[in-house]
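# show me how the following folds:
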Amino acid sequence: MHNLALALAHQGIEVTGSDDVIFEPSKTRLAQQGILPAEMGWFPERLSPDLDAVILGMHAKPDNPELLRAQEMGLQVLSYPEYIYEHAQHKTRVVIAGSHGKTTITSMVLHVLHQCGMEVDYLVGAQLPGFDRMVHLTTDNAFMLIEGDEYLSSPIDRRPKFHWYQANIALISGIAWDHINVFPTQDSYDDQFRQFIDLMVPGGSLVYCQEDTKVATMVEQTERHLKKIPYTLPNHEVVNGVTYLETPEGMMPLSVFGPHNLSNLAGARWVCQLMGVDELDFYNAIASFKGAAKRLELVKRQGTGFVYKDFAHAPSKVLATTAAVRAQFPNHRLVVALELHTYSSLNPAFLPQYRDSLAGADQAVVFYDPEALAIKRMDEVAPQAVADAFGHPGLLVFTTPKQVAELFYSINIENTVVLMMSSGHFGGLDLSLIGSNH
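Just a heads-up that it's a prediction; the model follows:
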């Protein structure tokens, strides 16, 4: 939402906003553009009839006083995906979807387009080096590249965001049950992707991961008139900790690693080619891609020790990320920490989905904050229930930030890779200090 506000302000549109709390870096970035609210809270009296639109984020509730006032006044209230569609309805919409990998693939495509000097509108869910903001809107660009999130559009629009976009070109990276609070069964979750395909523009192109059986079956069964383009894991090898990709011009070193990232790269290549990028130009550009923020991001190297952070929180992402680091560093000790932070991950009915997801770790830690359960009005979860669900021998289950800090600040990271996975921040843990007290 703050990136959208910055993009609109950059267009010369007058933008105001409200929230009850704004975190960094959003707070500073909004202040620099002069659009940070003077005070936090909701002020329905500030809404006026001359507003062209009210864009509603997921953080608000249906009874939000500003929302109620806007509805009472008959103002146009849009979810942000609805606004994005309104903006891009006459452009070629390229939508990257999937339970995992969509941020990385979108980032890879945007990186390649940028390196090739191709200007497009875009919406990406993570910060990329070299980009000031991750939403960019123009009246001139022919394409709009969109990370297609399957979560709800707004508190009053229960459609998944990616249903709005009606893709001309789409990619589906994989389907693994997520967002149990919204999609209580696997089938209800899967059905959102079927609808996403059904909503594509007739004659469009659908790129998909052939190795994901669920995706492949869904694509093969659709009756939509679409060009279907499968991709698989490309040929590669790992030599002395560096991943080399097989290309028409020989083996090329990459800055990213892991089968999931290589698979993402294969999908990104097809999307770029559909957007007009030559295959060799793609390979030349992707060689310098270092990843999106919090996607297997190296935050510290100390001698033979490494500390990575990753946004992974869903079981499939945790498994893939752990396996990728294990394969890249086969001779290092691997210490993995996972923070259970979302509605799904803290749900006792969903916890068994994490079984064996940390199997590649020599030492594993799971952290969750019982206060988060109370805030979300969820039932308590016992540490032993978490340990039983994961099934990892010797798993440590922590429930306070102090426990996490004491272990990781004092850990010996020599010949060790520490992998911290969370969509939160481990109770304020400073990742740069991991291993500093040893």
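# only C-alpha atoms, please: export stretch 282-290 in CSV.
In CSV, the C-alpha atoms belonging to stretch 282-290 read as follows (Å, rounded to 0.1, in the frame of the first residue of the first chain):
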residue,chain,number,x,y,z
PHE,A,282,18.0,-13.1,-20.9
TYR,A,283,21.0,-15.2,-19.9
ASN,A,284,23.4,-12.3,-20.0
ALA,A,285,21.0,-10.2,-17.8
ILE,A,286,20.1,-12.9,-15.3
ALA,A,287,23.7,-13.6,-14.4
SER,A,288,23.8,-10.4,-12.3
PHE,A,289,20.5,-11.2,-10.4
LYS,A,290,21.3,-11.4,-6.7
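# gap between it and the chain center?
Its chain's average C-alpha position is 20 Å from that of stretch 282-290, according to C-alpha atoms, centre = their mean, to the nearest Å.
# same question, stretch 129-139
That offset, for stretch 129-139, works out to 17 Å (C-alpha atoms, centre = their mean).
# least confident secondary structure element in this structure?
When each helix and strand of the chain is scored by mean pLDDT, DSSP states H and E, helix 370-375 comes last, with a mean of 75.
# now tell me what touches it from outside.
Outside helix 370-375, the residues that touch it by C-beta atoms under 8 Å, 6 or more residues apart in numbering are 341, 346, 379-381, 399. Glycine gets a C-beta too; all of them are placed from N, C-alpha and C.
# now stretch 411-421
For stretch 411-421, the surrounding residues in contact (C-beta under 8 Å, 6+ apart) are 302-313, 317-318, 321-322, 325, 329, 331-339, 361, 408, 426, 429, 431, 434-435, 438.
# I'd like the average pLDDT over that stretch.
The pLDDT scores in stretch 411-421 average 95.
# stretch 2-13 too?
Confidence for stretch 2-13, expressed as mean pLDDT, is 94.
# ditto for stretch 318-337
For stretch 318-337, the mean pLDDT works out to 92.
# just the buried residues of it, please?
Neighbour counts using 16 or more other C-beta atoms under 10 Å place 318-326, 328-329, 332-337 of stretch 318-337 among the buried residues.
# stretch 63-70 now?
Within stretch 63-70, the residues that count as buried by 16+ other C-beta under 10 Å are 64-67, 69-70.
# format those as a markdown table; extra columns: distance to Gly101 and pLDDT.
As requested, the buried residues of stretch 63-70 are exported to a markdown table (distance: C-beta to C-beta, whole Å; pLDDT from 0 to 100):
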| residue | distance to Gly101 | pLDDT |
| --- | --- | --- |
| Asn64 | 33 | 95 |
| Pro65 | 39 | 96 |
| Glu66 | 36 | 96 |
| Leu67 | 33 | 96 |
| Arg69 | 40 | 97 |
| Ala70 | 36 | 97 |
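# can you put these in a markdown table and add secondary structure and distance to Pro370?
Formatted as a markdown table, the buried residues of stretch 63-70 follow (DSSP: H, G, I helix; E, B strand; the rest coil; distance: C-beta to C-beta, whole Å):
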| residue | secondary structure | distance to Pro370 |
| --- | --- | --- |
| Asn64 | coil | 28 |
| Pro65 | helix | 31 |
| Glu66 | helix | 32 |
| Leu67 | helix | 31 |
| Arg69 | helix | 36 |
| Ala70 | helix | 37 |
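# for Ser153, give me its contacts.
Residues in contact with Ser153 (C-beta under 8 Å, 6+ apart) are 79-82, 159-161, 163-164.
# do you know how far it is from Leu123?
Per C-beta to C-beta, to the nearest Å, Ser153 is found 13 Å from Leu123.
# Met251: how many residues sit nearby?
Look at Met251: counted by other C-beta atoms under 10 Å, it has 13 neighbours.
# leaving out the residues flanking it, which one is nearest to it?
Tyr244 (4.1 Å; C-beta to C-beta, 6 or more residues apart in numbering).
# kindly format the C-alpha coordinates of the helix or strand encompassing the one you found as CSV.
In this structure, Tyr244 sits in strand 242-247 according to DSSP states H and E. This file holds the C-alpha atoms of strand 242-247, laid out as CSV (Å, rounded to 0.1, in the frame of the first residue of the first chain):
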residue,chain,number,x,y,z
VAL,A,242,28.9,-21.8,-7.0
THR,A,243,25.9,-22.8,-9.2
TYR,A,244,26.5,-22.9,-12.9
LEU,A,245,23.7,-22.9,-15.4
GLU,A,246,23.9,-24.6,-18.8
THR,A,247,23.2,-22.1,-21.6
